[in-house]
Each structure stands twice: as structure tokens, then as C-alpha cells.
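Trainee: okay, sequence plus prediction incoming.
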Amino acid sequence: MSFLKKKHTAIAGFTLVELMVAIGIYILMAALLFANQNKFNSSLAFSNLGYDIALTIRQAQTYGFAVRGENSGSTVAFTNAFGVHFQGDSPSKFQLFYEPIQGLLGATNPTPQPYDQSSNTTVLSTYNLQNNYTISALCYNPNNKCGQTTDISSGTCDPVSTSGSSAKYLDIIFQRPNLNAFMFNSAGPISQQVAIELESPQGEKECVSVFASGDIEVGTSTAPSPS
């Protein structure tokens, strides 16, 4: 009599330990990917903030040069200057405004007035910064470098905070027939360039630089004035 031996074939599979290790690796990779994605999204949103402010300044320039009409009683007035106002005690907002031109329309020597010195200033829009981003400083020296605290200690940048001075401000104004920017701070007119310094909760710095020529730049440092 012969006996047939059954041949047992091993079935491949995962042990409990192997399965737990695989799941642990997957969770770790997913966590790293999620963290990097959040960091990327935050960095992108912060970068976009600088461009949003630059576009608002460009909007004021377009309105000023094109002389956007504003209702004045029963008529529409076309004699307005348009500007953007930043204030030393308002780190999370800025304003788009207009004011009547001080002088004849098309005058060769227009005289726009700073936001807080014009009794006829009218606010068109107030923009509020999101995600705890803030305006950290208002700079007015062509040699300023974005994010350098020495600029504040040297007096070429005014710090901005909720406990800051409401007397410190920066106005960037455009008025027909010029594409040039009229810029003011609490010390008076600024002839070359200004920069609005932005800061994220992670300490990132970004600056929006505006030149007297009307050029606007966004970057991590102020650049030489365009020729």
C-alpha cells in the first residue's frame, strides 16, 4: 500500500508586525506631505499678499491717471487724486481713498495732500489682512533693506503695531496728468522711494517698494531705483 503525501504550499502574506510597520511608514509620509503642503500654501498666500497690496497701489495709479469719476451731489466730479494710506497703529489694514485736486485739472504743479491733512478725503475701500499677516514697518529711504531691524533703529523706517503711533503714516497718491507717485509720511514729502514691509506669523519678510517714477516692485529687499 502506498501513501500519498500532501504537499503544503505556503501562502504569502503580512504578519501583524509587518502590517503595523507599513501603516506607520504611510502615516509618517502622509504627515510630512501634509506639513510641507501647509507650509507651501502659507508661503504662497504670504507672497500673494504683497502682490495684492501692489495691485491696490496700481489701482490708485490707474484711477488717478484716468481720472475716475466720483459722485458729488447731483454731478460726477473728475477732479480727484487717488491714493493708498497706511498708518502706524494699523498693522492689519490699509485704505484706498480719493481727495479733490488742489488746483486746476491738468495743472503742471499739482498739490495733493496727505490723507490725514485733507478734510475732504473720502475712503473708497478698507482692506483687512488675513491669516495673522501684518504690516510691520513703513520705510522711506532708498537704502533700506527689507526685514532689517536696523532700519527702524536708525529712524529710516517707522514701526507699525497696534500700540504704534497714529501720527506715523505713509500715503502714496497719484494725480492727473502724472504717472509719478506723490509720497508723504509724517515728516513731509518723500522724493525717491518708499517700502511697505510685511511680516508673516513665521517671521517671513516681504516688501512692496514704490518709486517716485510710479514703478512698483514686490520682493524680499528693496532694489535700486529703476533708471
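Mentor: Ah, there it is.

Trainee: now the helices: where do they sit in this protein?
Mentor: In the chain, the helices defined using DSSP state H lie at 16-66, 150-153.

Trainee: mean pLDDT for those helices: which is lowest?
Mentor: The minimum mean pLDDT among these belongs to helix 150-153 (a mean of 74).

Trainee: residues touching that helix, excluding its own?
Mentor: By C-beta atoms under 8 Å, 6 or more residues apart in numbering, the residues outside helix 150-153 that reach it are Ala137, Cys139, Asn141, Asn144, Lys145, Cys157, Asp158, Pro159. The C-beta positions use only the backbone N, C-alpha and C, and glycine is treated the same way.

Trainee: for the residues you listed, which one is nearest Glu18?
Mentor: Ranking the contacts of helix 150-153 by separation from Glu18, with C-beta to C-beta as the measure, puts Lys145 on top at 54.8 Å.

Trainee: that closest one and Val84: what is the separation?
Mentor: From Lys145 across to Val84, the span is 22 Å (C-beta to C-beta, to the nearest Å).

Trainee: who has more neighbours, the two?
Mentor: A count of neighbours by other C-beta atoms under 10 Å puts Val84 above the other of Lys145 and Val84, at 27 against 17.

Trainee: pretty sure that one contacts Thr56?
Mentor: Yes: the pair Val84 / Thr56 is scored as a contact, 5.8 Å apart, by C-beta atoms under 8 Å.

Trainee: shared neighbours, the two?
Mentor: Listed as contacting both Val84 and Thr56 by C-beta under 8 Å, 6+ apart are Phe94, Leu96.

Trainee: hang on, the earlier thing: among the helices of the chain, which is nearest Val194?
Mentor: helix 16-66 (10.2 Å).

Trainee: what stretches of this protein score poorly on pLDDT?
Mentor: By pLDDT under 70, the weakly predicted segments of the chain are 1-14, 33-44, 67-79, 102-111, 116-119, 220-227.

Trainee: run through the strands of it in chain order.
Mentor: Remark: strands assigned in the chain by DSSP state E are 70-72, 75-77, 80-87, 93-100, 122-128, 134-139, 157-159, 169-174, 182-185, 188-190, 193-199, 205-211, 216-219.

Trainee: touching the third one from outside, list them.
Mentor: Right, strand 80-87. Here strand 80-87 makes contact (C-beta under 8 Å, 6+ apart) with 53, 56-57, 59-61, 63-64, 67-68, 70, 94-101, 110, 112, 115-116, 124, 135, 138, 160, 166, 168-176, 182, 196.

Trainee: between helix 16-66 and it, find me the angle.
Mentor: Strand 80-87 and helix 16-66 are oriented at 140 degrees to each other (axes from the mean of the first three to the mean of the last three C-alpha atoms, to 10 degrees).

Trainee: who does strand 80-87 pair up with?
Mentor: Strand 80-87 has its sheet partners listed here by DSSP bridges as strand 93-100 (antiparallel), strand 169-174 (antiparallel).

Trainee: quick one: the last one to chain centroid distance?
Mentor: Translated: strand 169-174. 15 Å (C-alpha atoms, centre = their mean, to the nearest Å).
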